[in-house]
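Asker: Quick one: sequence and predicted model below, then my questions.
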Amino acid sequence: MKRNYHVEFDLDFRRNTYKGLYIALEGIDGAGKTVQSERLLSYFQEKGADAMIINEPRRTGLIGRVINEFLQGRVKIPAASLQYLITADRIAELDELILPSLQKGGTLISHRCFWSAVPYGILDQTDGKVNYEKGNTIIVAQSILSMYFQVLVPDITFYLDIPPKVGLDRLSKMGGALEYYEKLDKLKKVARGYDWMIKKFPEEFTRIDGDREPEKITGDLIKIIENYKR
């Protein structure tokens with residue numbers, strides 16, 4: 001016999017109340033997050049700020065090594081298991097690195113953050129067709145809006161918006177084998193997942209045209225950061 005149970009609750013995001021600044025760069029693979037993270041790091045260091053780049057997912061440590069092996073195609077695990085491994089590592093990084101740094105007044109530039117779990121999770125939880133209803137489940141399951149544990153939302157989240165074909169071209173030019181998500185059909189679905197998520201939480205994202213010269217993109221990022229008020 002089929003049984004349906006209805007569960008409903010309202011929660012706000014866990015916000016940064018510390019002295020430090022938490023910035024995240026989101027986007028599909030090949031969007032330019034690494035380049036812009038490094039350029040922002042240089043900007044803050046020139047200003048004398050205590051700044052560092054952090055990454056999600058991490059590729060080191062006990063959990064990070066398993067994640068890396070999967071993304072490199074050397075081990076196989078269920079896609080849902082991957083997402084929960086990334087969540088576990090995200091929680092560890094929050095306690096070990098993010099909160100202590102922000103409490104001391106540091107500036108964190110995050111190459112991805114918990115937001116990535118939604119578009120990539122939507123892709124992993126569907127066979128061929130993207131089911132956006134899965135997004136609401138993932139938002140709770142991945143500790144984004146959860147009564148059990150909530151990760152910290154960045155002060156500023158930039159979404160570097162590029163066409164999937166541009167992302168794939170950039171990745172191909174870098175050389176080396178492409179990773180698990182670095183295929184055109186997956187990039188297209190992930191991009192649609194980001195569009196769905198940004199429409200759902202429009203005030204949490206600043207969309208940036210990422211298909212331009214790096215200097216112009218950096219200029220836009222810095223302008224927004226300098227005008228930011230918590």
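Answerer: Looks like it arrived, so ask away. Residues are numbered from 1 along each chain as shown.

Asker: Going toward the C-terminus from the helix or strand bottoming out on mean pLDDT in the chain, what's the next helix or strand?
Answerer: Ranking every helix and strand in the chain by mean pLDDT, DSSP states H and E puts helix 134-141 at the bottom, with a mean of 72. Downstream of helix 134-141, the next assigned helix or strand under DSSP states H and E is strand 156-161.

Asker: chain center to that following strand, what's the gap?
Answerer: 9 Å (C-alpha atoms, centre = their mean, to the nearest Å).

Asker: Can you list the strands that it pairs with?
Answerer: Strand 156-161 has the following strand partners under DSSP bridges: strand 21-26 (parallel), strand 206-209 (parallel).

Asker: which one of these has the most crowded surroundings?
Answerer: Across the strands paired with strand 156-161, the average number of neighbours (mean count of other C-beta atoms under 10 Å) peaks for strand 21-26, which reaches a mean of 25. Heads up, the C-betas are built off the backbone N, CA and C, glycines and all.

Asker: From the contact counts, what lies against the helix or strand just after that one?
Answerer: Sequence order places helix 33-46 as the next helix or strand after strand 21-26, per DSSP H and E. Other elements packing on helix 33-46 under the criterion 3 or more C-beta pairs under 8 Å, 6 or more residues apart in numbering; DSSP states H and E are strand 21-26, strand 51-55, strand 107-111, strand 156-161, helix 214-226.

Asker: Looking at the strands paired with strand 156-161, which is nearest to I109?
Answerer: Closest to I109 of these is strand 21-26 (C-beta to C-beta; 5.2 Å).

Asker: can you list contacts of the closest one?
Answerer: Strand 21-26 is contacted by residues 16, 33, 36-37, 40, 98, 102, 107-113, 115-116, 152, 154-160, 194, 205, 225, 228 when judged by C-beta atoms under 8 Å, 6 or more residues apart in numbering.
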